[in-house]
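>>> Need coordinates for the following:
(one chain, ligands or ions: 1)
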Amino acid sequence: MQELIKKVLECQTLKDLEELRVFVLGKKGILTQEFAKLKDLDNEKKKEVAASLNEQKESFNKALNLKIKQLEDIELEAKMQKDAMSFHYFDENVKTGALHPIMATMDKIIEYFVSLNFSVESGPLIEDDFHNFEALNLPITHPARDMQDTFYFDDKRLLRTQTSPVQIRTMLSQKPPIRMIAPGAVFRRDFDITHTPMFHQVEGLVVEEGQRVNFANLKSVLEEFLHYMFGDVKIRFRPSFFPFTEPSAEIDISCVFCKQNGCRVCKHTGWLEVLGCGVVDPNVYDFVSYKNVSGYAFGLGIERFAMLLHQIPDLRSLFEGDLRLLEQFR
Ligand code: DAH
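Predicted structure coming up:
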């Protein structure tokens, strides 16, 4: 038995151990055979031999179980080591993703207006003529439609050229007061250093009952917003034209690239155009059956904001997926 126990302790694998168990305690195992011989012994002898065999069986089993536990522990340890190595591998080589600068800029804008209690609305990318043009006071014959080169599917359906149709959809589905922004993709047939056929805008609309909302409200909200985005810049309002606002304005900020010393980006004017806005034209309210209300609207291009915030010279580089550019925005 001493021999057998020594063999148990020498086993290197669970398989060897099982073979040894069968050799000793299996159906034809050597100890099993000894037990079988008991029946041929007389009673006195039988008692004596049985006690000794049971003792041997017990110490063999004890050694066996001890060894099983030991080998299982070793196996587990080896498995854990192996897994730990693969974790190590991931640690060094896998980089986490980061927000694209356009999305980061969009989030920053959304965060600002949400903090002022604006709701975030959305509309379809495939729009119809009514929401994208007509209800925004741009009838079929209106020359202002030439301002935007549109992707049409057919006479009625088109890829929205602006987020302004979300103004119409929101006013049609909600009652005033309205205080909303609508971020999202828009599409135009345009491609050069400052234009891509798909880009992003944020629309804003505030409408209240009565005549409480005016240009002064618009001015203070947007000035605050631009200081939040660009810090200590100068801001100027320039009279402009949009069919759905009257009066309309464009807002410029002092050039963030050259600090008004003159550069290519501001075309040596010292000013950068960043926003369109105005008091909502009463004609628009007719299309959504609003009566005795007042409000203002604004719209901005997110790519342009991202370029100015991060001083990116070519708009197209934002869409090329070049990691050398994107990694700077971790
Ligand atoms: N939709 C205009 C555009 O794409 C931007 C704009 C200008 C939106 C003035 C407005 C606004 O809501 O009031 O050029």
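>>> Could I get the buried residue list for stretch 101-120?
For stretch 101-120, the buried set under the neighbour-count rule, 16 or more other Cβ atoms under 10 Å, comprises 101-102, 104-106, 109, 112-113, 118. Placement of C-beta: from N, CA and C, glycine included.
>>> can you tell me which two in those are farthest apart?
In terms of Cβ to Cβ, the buried residues of stretch 101-120 reach their longest pairwise distance at Pro101 and Phe118, which sit 22.6 Å apart.
>>> is any part of stretch 178-195 close to the ligand?
No. Where contact is defined by Cβ under 6 Å from any ligand atom, no part of stretch 178-195 touches the ligand; the two come within 7.0 Å at best.
>>> so where's this protein shaky on pLDDT?
By pLDDT under 70, the low-scoring segments of the chain are 85-94, 143-144, 146-148.
>>> which stretches of it form strands?
Using DSSP state E, the strands of the chain run over 119-120, 126-128, 157-159, 178-187, 198-209, 235-242, 245-254, 271-280, 293-301.
>>> Those residues of the stretch 201-330 of the chain touching the ligand, which are they?
Applying Cβ under 6 Å from any ligand atom, one finds that the stretch 201-330 of the chain approaches the ligand through 203, 242, 245, 276-278, 297-299.
>>> what do you get if the cut-off is 8 Å, keeping everything else the same?
In this structure, the stretch 201-330 of the chain approaches the ligand at residues 201, 203-205, 242, 244-245, 248, 275-278, 280, 296-301, judged by Cβ under 8 Å from any ligand atom.
>>> coming back round to it: just the closest of the buried residues of stretch 101-120 to Ala84, please.
Within these, proximity to Ala84 (Cβ to Cβ) peaks at Ala104, which comes in at 35.4 Å.
>>> Tell me who's in contact with that closest one.
Taking Cβ atoms under 8 Å, 6 or more residues apart in numbering as the contact definition, Ala104 lies against 306, 329.
>>> Please report the distance of it from the ligand.
Taken as Cβ to the nearest ligand atom, to the nearest Å, the spacing of Ala104 relative to the ligand amounts to 22 Å.
>>> same deal with Asp286?
Taking Cβ to the nearest ligand atom as the measure, Asp286 falls 17 Å from the ligand.
>>> Please report how far that residue lies from Gln260.
43 Å (Cβ to Cβ, to the nearest Å).
>>> between those two, which one's more packed in?
Between Asp286 and Gln260, counted using other Cβ atoms under 10 Å, Gln260 has the larger neighbour count: 16 against 12.
>>> Tell me if I'm right that that one and Gly270 touch.
Yes. In terms of Cβ atoms under 8 Å, Gln260 counts as a neighbour of Gly270; the distance is 3.5 Å.
>>> Overlap of the contact sets of the two?
Once Cβ under 8 Å, 6+ apart is applied, the residues that Gln260 and Gly270 both contact turn out to be Ser254.
>>> Which strands or helices does the longest helix belonging to the chain pack on?
Criterion DSSP state H: the longest helix present in the chain is helix 43-93. Counting by 3 or more Cβ pairs under 8 Å, 6 or more residues apart in numbering; DSSP states H and E, the packing neighbours recorded for helix 43-93 are helix 2-10, helix 14-25, helix 30-37.
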